[in-house]
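Visitor: Here is a sequence together with a model predicted from it:
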Amino acid sequence: MNMRRHVTKVLQMSFYLPFFFLFRTFLNFKVKGADNLKEAGTSFILAVNHVSYLDPISVFVALPFRLKYIPLFYVASDYFYKILFFYRFIGAVRARMGRDLELSSRPLIEKLDQGERVVIFPEGGINRGVSIKRRPRRGISYVAAKSNKLIVPLKIVSNLDDTVSVLGGTIIDILTGKHWVKMVFGKPFKIDETIGKIPESLSELRKASEGVFERIMMAK
C-alpha cells in the first residue's frame, strides 16, 4: 500500500469522530440523501458547491463512516497546498491552476483509476455572493469524461458563507450555535447525461460543467 495513502487513511479515520462530534454539537448540521451514495459504488466523484472554508470538513463528515469511503481526496488550491505542508497527508491533491486540462486533471484521474473517491468544487473557489458568481470550471467534466466515473452531486446550504476565514475569522462565533449547515446528496449520474454525449471540445466541457453545477443546486 502506498505510504502516503496509508497515512491519509489513518489520519482521516482518526479525525472523523472528533469532527462529527464538534459539528453535531456546535452546528445545526444535517445530512440528507446519503442513501444515494449506494448507487455510486466505492469510487466516484463528489461534485460540491463551495460556500466556506469549512466545506472540505463538512463534506467528509457528511459521508457515512465506512471504510469504503476513506480515504477521500480533495482538490486543493496551489497556494494552500504549498504553504500548508500537512495538506498532502490529509488527502489534498494540488489543483495546478493555469496548466492545461490534461496535466492538471491527471492526478485526479489516476486516483479514480485506482478506485478512490475525489471531491471537486466546480466553482474553483468560494462563492462570495450573488455579485461575484463563479462559472463552473471545465476540469470536473474533463475528469468525469476521462475516468468514466459516476458523479455524486452534493449541495451545501449554510449561513456560514465566507465568514469563516482560514486564519480563524469568526470561528469563536461558531461555538455559539448560531450557524447551520445542511448537506444534500443528489442522484449519481454520468457526465454524458448533462449534454447528451461525452464532452470533448472546450465549449462542450464548459457546458457539461454547467450541467453538473445545475444538478448540484437541484439536489433536495
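Guide: Perfect, thanks for sending it.
Visitor: what about residue 126, how many neighbours?
Guide: Using other C-beta atoms under 10 Å, residue 126 has 18 other residues around it. For glycine as for every other residue, the C-beta is placed from the backbone atoms N, C-alpha and C.
Visitor: what residues are up against it?
Guide: Neighbour list for residue 126: 50, 51, 52, 53, 55, 162 [criterion: C-beta atoms under 8 Å, 6 or more residues apart in numbering].
Visitor: Could you check how far it is from residue 64?
Guide: Applying C-beta to C-beta, to the nearest Å, the value for residue 126 to residue 64 is 26 Å.
Visitor: Specify which member of the contacts of residue 126 is nearest to residue 182.
Guide: Nearest to residue 182 out of those is residue 51 (C-beta to C-beta; 11.0 Å).
Visitor: Let me see the backbone angles for the closest one.
Guide: Main-chain dihedrals, residue 51, degrees, to the nearest 10: phi -120, psi -20.
Visitor: now do residue 30
Guide: Dihedral angles for residue 30 - degrees, to the nearest 10 - are phi -130, psi 150.
Visitor: For it, give me its contacts.
Guide: Here residue 30 is in contact with 180, 181, 182, 183 (C-beta under 8 Å, 6+ apart).
Visitor: The residues you listed into JSON lines, with extra columns for pLDDT, neighbour count and secondary structure?
Guide: Formatted as JSON lines, the contacts of residue 30 follow (pLDDT from 0 to 100; neighbours: other C-beta atoms under 10 Å; DSSP: H, G, I helix; E, B strand; the rest coil):
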{"residue": "180", "pLDDT": "86", "neighbour count": "13", "secondary structure": "strand"}
{"residue": "181", "pLDDT": "90", "neighbour count": "22", "secondary structure": "strand"}
{"residue": "182", "pLDDT": "94", "neighbour count": "16", "secondary structure": "strand"}
{"residue": "183", "pLDDT": "96", "neighbour count": "23", "secondary structure": "strand"}
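Visitor: Farthest-apart pair in those residues, please.
Guide: Among these, 180 and 183 lie farthest apart (C-beta to C-beta), at 11.0 Å.
Visitor: Now the common contact residues for these two.
Guide: Joint contacts of residue 180 and residue 183 (C-beta under 8 Å, 6+ apart) are 29, 30.
Visitor: how about the CA coordinates for the longest strand anywhere in the chain, as PDB?
Guide: When the chain is parsed with DSSP state E, its longest strand is strand 151-158. Taking Å, rounded to 0.1, in the frame of the first residue of the first chain, the C-alpha atoms of strand 151-158 are listed here in PDB:
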ATOM      1  CA  ILE A 151     -20.700  12.000 -10.300                       C
ATOM      2  CA  VAL A 152     -22.500  12.400  -7.000                       C
ATOM      3  CA  PRO A 153     -23.800  16.000  -6.600                       C
ATOM      4  CA  LEU A 154     -23.600  17.400  -3.100                       C
ATOM      5  CA  LYS A 155     -25.300  20.700  -2.200                       C
ATOM      6  CA  ILE A 156     -24.200  22.700   0.800                       C
ATOM      7  CA  VAL A 157     -26.800  25.100   2.100                       C
ATOM      8  CA  SER A 158     -25.400  27.100   5.000                       C
END
